[in-house]
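Q: Structure for the following, please:
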Amino acid sequence: MTESERQLRANIQEFSVLVKKVAKNPKSKDIHELRILSRKFRAALWIVERVSKNAIPKGLKKELRTLGKKLGTCRELDVLLKDTKTYNLKDKNSEKSLKKELQDLQRFLDKSFSRKLQKKLESFLSKIHGIVLPKKDLVVQIKKGIIKWPQQMPEGKKDLHNIRIETKKMIYRLEFLGIQMPTLKALQKSLGRTHDLESLKKSAGSHKELDLDLKALRKKAEPTYKRIIAS
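A: Next up, the predicted model:
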């Protein structure tokens, strides 16, 4: 069994435990960890699909994508509420929205869905046993998106959002191959926090301290972005 298979097996076991915990009592930490696991699974699917499409159980990609969106909505609303308190801002709607989304997530994670999804993940694990991953070629495919990035970090929110999403995907895909990229993680951390604060600004309005923090995050991210472009 390869290291990727061992890690995937451990993730499936952890997933089974977390799904039950979140379905019963959706705590912020458990939702966050379950969201990370769903990303790891999707990264694994992306990698394996480039070697053997037949190894992907029918419907697994769609179910993981749906789960990821529901977890993401809950996570973003939770962060928004915490940031609202941090900056002493008012947001009447987010708390109600979060409560509604958590209830929806609990209904979604019923026993039937959880069992079916786990079986598909285990089927996926069995099908990739012995598959040889062309690591060098895959790394080139994963990182090729960077070539299209502009030389200077974009100003536009949409462009930064796209780079943030692409960076996140690259990190999980590379990690599935056993490759750590600290510079990508540093950029993702800054852009992720920028996204959180932009969401807060959109929801609760502008705020002097908030605007200063956004400028500081950009200043912090720019040298990292340049190092990635130059590498």
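Q: chain center to the helix or strand harbouring Ile12, what's the gap?
A: Using DSSP states H and E, Ile12 sits in helix 3-24. Distance of helix 3-24 from the chain centroid (Cα atoms, centre = their mean, to the nearest Å) equals 16 Å.
Q: Check which helices and strands it sits against.
A: helix 28-49, helix 92-108, helix 111-127 (3 or more Cβ pairs under 8 Å, 6 or more residues apart in numbering; DSSP states H and E). In short, each C-beta sits where N, CA and C put it, glycine included.
Q: I'd like these as JSON lines, with mean pLDDT, mean neighbour count and distance to Lys70 appended.
A: Formatted as JSON lines, the helices and strands packed on helix 3-24 follow (pLDDT from 0 to 100; neighbours: other Cβ atoms under 10 Å; distance: least, Cβ to Cβ, whole Å):
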{"stretch": "helix 28-49", "mean pLDDT": "95", "mean neighbour count": "20", "distance to Lys70": "9"}
{"stretch": "helix 92-108", "mean pLDDT": "91", "mean neighbour count": "14", "distance to Lys70": "5"}
{"stretch": "helix 111-127", "mean pLDDT": "89", "mean neighbour count": "15", "distance to Lys70": "11"}
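Q: ok, Val48 to Gly68 distance?
A: For Val48, the distance to Gly68 (Cβ to Cβ, to the nearest Å) stands at 18 Å.
Q: Just give the closest residue to the spatially most central residue of the chain, not the sequence neighbours.
A: Among the residues of the chain, the one closest to the centroid is Arg39, at 5.1 Å (Cα atoms, centre = their mean). The shortest distance from Arg39 to any non-neighbouring residue, by Cβ to Cβ, 6 or more residues apart in numbering, is to Tyr172 (5.1 Å).
Q: Point me to the helix or strand that includes the one you found.
A: Element membership for Tyr172, per DSSP H and E: helix 157-176.
Q: what is the mean pLDDT for that helix?
A: The average pLDDT for helix 157-176 rounds to 95.
Q: and it, what other elements does it pack with?
A: The contact analysis (3+ Cβ pairs under 8 Å, 6+ apart) places helix 157-176 against helix 28-49, helix 135-143, helix 182-204.
Q: Okay, buried residues for that helix please.
A: The neighbour-count check on helix 157-176 (16 or more other Cβ atoms under 10 Å) flags 160, 163-164, 166-176 as buried.
Q: mind giving me CSV with the residues you listed and columns for distance to Glu95?
A: Formatted as CSV, those follow (distance: Cβ to Cβ, whole Å):
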residue, distance to Glu95
Leu160, 28
Ile163, 31
Arg164, 26
Glu166, 32
Thr167, 30
Lys168, 27
Lys169, 31
Met170, 34
Ile171, 31
Tyr172, 31
Arg173, 35
Leu174, 37
Glu175, 34
Phe176, 36
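Q: and of the residues you listed, the nearest to Asp83?
A: Closest approach between the buried residues of helix 157-176 and Asp83, by Cβ to Cβ: Arg164, at 17.0 Å.
Q: Identify the residues contacting stretch 154-173?
A: Stretch 154-173 is contacted by residues 39-40, 42-43, 46-47, 138, 142-143, 145-146, 149-150, 153, 181, 184-185, 187-188, 191-192, 194-195, 198 when judged by Cβ atoms under 8 Å, 6 or more residues apart in numbering.
Q: Residues in contact with stretch 116-134: which ones?
A: Residues from elsewhere that reach stretch 116-134 (Cβ under 8 Å, 6+ apart): 1, 4-5, 8-9, 12, 15-16, 19, 41, 44-45, 47-48, 51-52, 54-57, 59-60, 63-64, 67, 177.
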